[in-house]
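>>> Here's my sequence, what's the structure:
(chains A, B and C)
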Amino acid sequence: MPELPEVETIARGLAPVLRGRRVEAVWGSGLPLHLNRPVDLRALRAVAVGRTIRRVHRRGKYLLIEVEEAGAGIVVHLGMTGRLRVQPAEAPRAPHTHVVFTLDGGGELRFADARRFGWVAAGTPLAALAVLAALGPDPLSDLDAPRLRDLLAASRAPVKAFLLDQRRVAGLGNIYVAEALFRARIHPATPARRAASRAPALLDAIRAVLEGGIARRGTTLRDYVDADGNSGDNARALLVYGRQGGPCRRCGALIRRRVDGGRATFFCPKCQRR
DNA sequence: AAAACACCCTGCCTGC
DNA sequence: TGCAGGCAGGGTGTTT
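Coordinates of the predicted model:
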């Protein structure tokens, strides 16, 4: 599932290939993507066609492709099964390919997404997109312990729901939240405001799991591949996610799985007490 | 106002 | 062997 480390890995893989390339055309499958919304091809073409890509980076889980026009660019959200690759134009397109940017020099930037939870949109400028403007601080660059403490203290939500809310902290999904809470020894159902005093440890844990995920090039459970089509290696480093019934690597107790808000939650009942 | 929940989608896996 | 049903969890819109 593309969370911050997976999007970062894709951005790092795409950046050297895309930088300096000119977009010549944009194609769409015609199928709607996220929330049954059609892709606004006209807007994509207006921003991208004839322009040169200057920068490829990430904000939270959003991939940003900036063009030469000041601040303008394309934003891609990978949803659950989205894939972004640069491939030769003559190479066969993967199933569920929905948006294709033709590049000068013969390559194509292709967005494929089996479940169509992802989306692609234009921003003029990117910063004006409401979804980006609403994002909370990036835990690797814009967050410190006092700020996290204040954010936690202001929320009545369970700490797991707090961390999944992109308006609070940007980039965490179900996998890395489970891992971070385990490392910080915080039970997922703990009210956020009661976890505020442990903000320093929680921030350390968040950074450790995200940096580990990036170092291992992302977590591949089933669908995720990087910009080169390679799986990530982080799944073997997971300590609680998907390990229900297995022994805790720290204390040996059996990892539990429960469902909160319709989402699977994994934790060690001994290391993470309420 | 914030929190809880339903919903979109497809592929894979399980159980009958 | 075939098929129904459950599950995966991103974000958003609606309800509580």
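>>> Contacts only, for residue A:56.
A:11, A:14-15, A:18-19, A:63-66 (C-beta atoms under 8 Å, 6 or more residues apart in numbering). To be clear about C-beta, it is placed using only N, CA and C from the backbone, and glycine gets the same treatment.
>>> mind listing what the closest residue to residue A:113 other than its chain neighbours touches?
For residue A:113, ignoring the flanking residues on the chain, the nearest one in space by C-beta to C-beta, 6 or more residues apart in numbering is residue A:82 at 4.2 Å. Counting by C-beta under 8 Å, 6+ apart, residue A:82 touches A:2, A:76, A:111-113, A:117-118.
>>> Equivalent analysis for residue A:61, please.
Counting by C-beta under 8 Å, 6+ apart, residue A:61 touches A:2-4, A:7, A:77-78, A:166, A:170-171, A:173.
>>> Export the residues you listed as CSV, with columns for distance to residue A:154, neighbour count and secondary structure.
Shown next, in CSV, are those (distance: C-beta to C-beta, whole Å; neighbours: other C-beta atoms under 10 Å; DSSP: H, G, I helix; E, B strand; the rest coil):
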residue, distance to residue A:154, neighbour count, secondary structure
A:2, 28, 26, coil
A:3, 24, 23, coil
A:4, 22, 26, helix
A:7, 27, 26, helix
A:77, 26, 20, strand
A:78, 30, 25, coil
A:166, 16, 17, coil
A:170, 17, 23, coil
A:171, 20, 25, coil
A:173, 22, 20, coil
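>>> just these now: which is nearest DNA strand C?
Using C-beta to the nearest atom of the strand, residue A:173 is the member of the contacts of residue A:61 that sits closest to DNA strand C, with 3.0 Å.
>>> I'd guessed that closest one sits against residue A:1; true?
Yes: in terms of C-beta atoms under 8 Å, residue A:173 counts as a neighbour of residue A:1; the distance is 5.7 Å.
>>> tally of neighbours for the residue of the stretch 151-274 of chain A found nearest DNA strand B?
Proximity of the stretch 151-274 of chain A to DNA strand B (C-beta to the nearest atom of the strand) peaks at residue A:156, 3.3 Å away. Residue neighbour count, defined by other C-beta atoms under 10 Å, stands at 9 for residue A:156.
>>> who touches it in this structure?
Per C-beta under 8 Å, 6+ apart, neighbours of residue A:156: A:191-193.
>>> Narrow those residues to those in helices?
Applying DSSP state H to the contacts of residue A:156, the entries found in helices are A:192-193.
>>> could you flag which of the contacts of residue A:156 are buried?
Neighbour-count burial (16 or more other C-beta atoms under 10 Å) is assigned, among the contacts of residue A:156, to A:192-193.
>>> now, which of the contacts of residue A:156 sits nearest residue A:211?
Using C-beta to C-beta, residue A:192 comes nearest to residue A:211 of the contacts of residue A:156, at 23.1 Å.
>>> mind checking how far that closest one is from residue A:218?
According to C-beta to C-beta, to the nearest Å, residue A:192 and residue A:218 sit 27 Å apart.
>>> what's the helix or strand for the nearest residue to residue A:230 once chain neighbours are set aside?
Spatially, and ignoring its direct neighbours in sequence, residue A:230 is nearest to residue A:217 (7.2 Å; C-beta to C-beta, 6+ apart). Assignment of secondary structure by DSSP states H and E places residue A:217 within no helix or strand.
>>> nearest residue to residue A:5 other than its sequence neighbours?
Nearest non-adjacent residue to residue A:5 (C-beta to C-beta, 6+ apart): residue A:213, at 3.1 Å.
>>> To clarify, my last question referred to residue A:24.
Residue A:24 sits nearest to residue A:102 (C-beta to C-beta, 6+ apart), 4.6 Å away.
>>> So what sits opposite residue A:84 in the bridge?
Beta-bridge partners for residue A:84, by DSSP bridges, are residue A:111.
>>> could you list every residue that touches it?
Neighbours of residue A:84 in contact, by C-beta under 8 Å, 6+ apart: A:10, A:14, A:63, A:76, A:78, A:109-111, A:227.
>>> Next one: it from residue A:38, what distance?
In terms of C-beta to C-beta, residue A:84 sits 19 Å off from residue A:38.
>>> and the closest residue to residue A:51 other than its chain neighbours, how many neighbours?
Computed as C-beta to C-beta, 6+ apart, the closest residue to residue A:51 that is not its neighbour in sequence is residue A:67, at 4.0 Å. Counted with other C-beta under 10 Å, the neighbours of residue A:67 add up to 23.
>>> Good, wrapping up.
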